[in-house]
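Undergrad: attaching a predicted model along with its sequence, questions to come.
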Amino acid sequence: MNAPLRQTERLGRLTTALGADTLALLRFDGTDHLNELFEYRVEALATRDDLDFDALIGTHATVEIEGREGTQPFDGIVTQARWAGVGENGHRYDLVLRPWFWLAGRRRNQRIFHNRTVVQILRELLSDYAQLGDPALDVQLSQDYPVLEYTVQYRESDLDFARRQMERHGISFHFRHAMGSHTLVLTDDVLAHE
């Protein structure tokens, strides 16, 4: 169990804030749909049993899967981490990765937006979370949206409010993944989805 874990020759690799090969990918699954928040479940191996979860929670983790078309990254914020036991190959850990947009569901707010378009409202609303991506938000809208005299967020999470505004104005979203980051893409054109 003391031999270092190496992922360089593997078809699936896990990269976290804990450093290269501290955690090695064992299993990966999850859900990812248009207009929904993704959730990826990762089972990983480590040679150590004293991993610092405080240094891991709230940071990006990326799973890379090698395929015929090249490498596909799946990036998310680590929202849960737990020690899952000891196996013959090392200590097992379970991680849950979610988008930065999920964090907007943790804060409730009350505010009034005056004389702004839905695009301006969404940019202002999500700017608090913008440091979590590179870029965190990519607005690919083809239509012009009217200026709204008053738009009220009252005792609802930033996530619920943003989704309500997007649904009201026919804006859909999906996520684009890269190594170490993911981007929320807003679009009103069905052909814009990658």
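TA: Thanks, I have it. Numbers count the residues shown, from 1 in each chain.
Undergrad: so where's the longest strand in the chain?
TA: Longest strand in the chain by number of residues, with DSSP state E as the criterion: strand 70-87.
Undergrad: what about the closest residue to Gln110 other than its chain neighbours, helix or strand, and which?
TA: Excluding the flanking residues, the one nearest Gln110 by C-beta to C-beta, 6 or more residues apart in numbering is Tyr154, at 5.3 Å. Placement of C-beta: from N, CA and C, glycine included. Counting by DSSP states H and E, the element that carries Tyr154 is strand 148-157.
Undergrad: which helices and strands sit right next to that strand?
TA: Judged by 3 or more C-beta pairs under 8 Å, 6 or more residues apart in numbering; DSSP states H and E, the packing partners of strand 148-157 are strand 108-116, helix 118-126, helix 158-169.
Undergrad: now do the longest one and helix 118-126, the angle between them.
TA: What it means is helix 158-169. 170 degrees (axes from the mean of the first three to the mean of the last three C-alpha atoms, to 10 degrees).
Undergrad: which other residues reach helix 158-169?
TA: Around helix 158-169, the neighbours that count as contacts under C-beta atoms under 8 Å, 6 or more residues apart in numbering are 101-102, 104-105, 107, 109, 118, 121-122, 125-126, 128-129, 145, 151, 153, 156, 171-173, 186, 188.
Undergrad: out of those residues, which end up buried?
TA: 101-102, 104-105, 118, 121-122, 125-126, 129, 145, 151, 153, 156, 171-173, 186, 188 (16 or more other C-beta atoms under 10 Å).
Undergrad: follow-up on the earlier one: compare the helices and strands packed on strand 148-157 and give me the one nearest Gly87.
TA: Closest to Gly87 of the helices and strands packed on strand 148-157, according to C-beta to C-beta: helix 158-169, at 36.6 Å.
Undergrad: in CSV: the helices and strands packed on strand 148-157, plus distance to Ala136.
TA: Formatted as CSV, those follow (distance: least, C-beta to C-beta, whole Å):
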stretch, distance to Ala136
strand 108-116, 18
helix 118-126, 7
helix 158-169, 13
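Undergrad: for the residue nearest to Gln110, report the pLDDT, please.
TA: Per-residue confidence (pLDDT) for Tyr154: 95.
Undergrad: hang on, the earlier thing: from the chain's centre, how far out does the strand holding Tyr154 sit?
TA: Chain-centre distance of strand 148-157: 25 Å, with C-alpha atoms, centre = their mean, to the nearest Å.
Undergrad: who does that strand pair up with?
TA: strand 108-116 (antiparallel) (DSSP bridges).
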